[in-house]
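1. sequence below, structure please.
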Amino acid sequence: MSRSRPRAAGRVEGRLPIVVAIPTKNEAENIARTVSSVIDHVEAVVVVDSASTDDTCKIAAGLGAEIVEYEWDGRYPKKKQWCLDHVHPDVPWLLFLDGDETPSPELLEELRYVFSRPLKVAAFDIPLGYWFAGKRLRHGYTIVKRALLDRRRCHFPVLGDLDAPGMGEQEGHYQPVAESVWRLNSPIEHEDLDPVRTWFERHNRYSDWEAWLEHHPEVKEEIRTAKTRQGQLFHKAPFKPLVSFAYAYLYKRGFLDGRAGLDYALAMSFYRWQIALKAREAG
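-> Below is the predicted model:
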């Protein structure tokens, strides 16, 4: 069960006892900001790159990040579990950041308090400060990412989805399994500087995977058990595109974010519609 973070009397000075792993492919637009946000605060920053054809690796290395080349063999473990197994395994705590994510200053300060005493918890859930079409969303969907892991007591589940399209080397939309979890208060900022069309390109691929799951209920149940980011009740909800929009825009007051809130609620509703349409087509 997730809980709020424990209080600690002091704070860690100097570098946090954490390794940051940044799985990348063609993140030249964003990577400088991501690496710069953590390079002076943690033990090491490692970019785990999948044959980028842009300047991702050059930019990251120039800012002091280590570069590790990754090539998926088509089997499990996939990329994030590979990071847990191979990226500085001598340091127990690993923080996953996407190439367009930065920890907020408040999160770095919170981590200094958290790591000021021995921890029994195995993982931390961290809220995402989500940006869409250039604006920070304050309402609507609340996304929480299990991003900070004690690799000795966490793992990504092995699922029967290797034949599924859409995800490839990356683990799908499910959280890593952890013995115990605390939830932190301060966010990771998720701000993609690429044009909004790249969001739709990614989610077009993701919807292929989600639609495949609709025809493989045994794998879908494995993922539900692993507690996806969607939550467990949403798996059984009828009329998901409409439910998605009503939940984000009305119930969670996405309308308070103005046009960006409407755009994001519509985009997520469209994503759910894509999944349903592709699933029907495949059926």
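
2. how about Gly140, nearest residue that isn't a chain neighbour?
-> Gly254 (3.2 Å; C-beta to C-beta, 6 or more residues apart in numbering). No exception for glycine: its C-beta is placed from N, CA and C like everyone else's.

3. counting by contacts, list what the helix or strand bottoming out on mean pLDDT in the chain packs against.
-> Lowest by mean pLDDT, DSSP states H and E among the helices and strands of the chain is helix 217-225, with a mean of 86. Here helix 217-225 touches helix 197-214, going by 3 or more C-beta pairs under 8 Å, 6 or more residues apart in numbering; DSSP states H and E.

4. and the helix it packs on, which residues are buried?
-> Residues of helix 197-214 classed as buried: Trp199, His203, Tyr206, Ser207, Asp208, Trp209, Glu210, Ala211, Trp212, Leu213 (neighbour count, 16 or more other C-beta atoms under 10 Å).

5. what angle sits between it and helix 217-225?
-> 120 degrees (axes from the mean of the first three to the mean of the last three C-alpha atoms, to 10 degrees).

6. for the helix or strand harbouring Val243, which positions count as buried?
-> Applying DSSP states H and E as the criterion places Val243 in helix 240-245. For helix 240-245, the neighbour count (16+ other C-beta under 10 Å) marks Lys240, Pro241, Ser244, Phe245 as buried.

7. pretty sure the third one sits against Ser269.
-> Yep, that's Ser244 we're talking about. Yes. With contacts defined as C-beta atoms under 8 Å, Ser244 counts as touching Ser269 at a distance of 4.8 Å.

8. check which helix or strand Asn185 maps to.
-> Using DSSP H and E, Asn185 falls outside every helix and strand.

9. ok, it to Glu110 distance?
-> Distance, Asn185 to Glu110, by C-beta to C-beta, to the nearest Å: 6 Å.

10. for Leu119, same thing?
-> The value you get for Leu119 to Glu110, if C-beta to C-beta is used, is 13 Å.

11. and what of Tyr249?
-> If you go by C-beta to C-beta, the gap between Tyr249 and Glu110 works out to 30 Å.

12. neighbour count for those two, which is higher?
-> Between Tyr249 and Glu110, Tyr249 has the larger neighbour count (other C-beta atoms under 10 Å), namely 23 against 20.

13. tell me the SS of the nearest residue to that one once chain neighbours are set aside?
-> Nearest residue to Tyr249 in three dimensions, chain neighbours excluded: Ala265, at 3.9 Å (C-beta to C-beta, 6+ apart). Put simply, Ala265 is helix when judged by DSSP: H, G, I helix; E, B strand; the rest coil.

14. on that earlier part again, the residue nearest to Gly140: what's it in contact with?
-> Leu137, His139, Gly140, Tyr141, Ala248, Gly261, Leu262, Tyr264, Ala265 (C-beta atoms under 8 Å, 6 or more residues apart in numbering).

15. my read is that Arg138 contacts Gly258, right?
-> No. Here Arg138 lies out of contact with Gly258, judged by C-beta under 8 Å, at a distance of 10.1 Å.

16. what touches both of those two?
-> With C-beta under 8 Å, 6+ apart, Arg138 and Gly258 have no common neighbours.

17. what's the neighbour count on Trp82?
-> Neighbour tally, Trp82, other C-beta under 10 Å: 20.

18. what residues are up against it?
-> Val48, Tyr70.

19. gap between it and Val35?
-> 20 Å.

20. one more: Pro103?
-> 12 Å.
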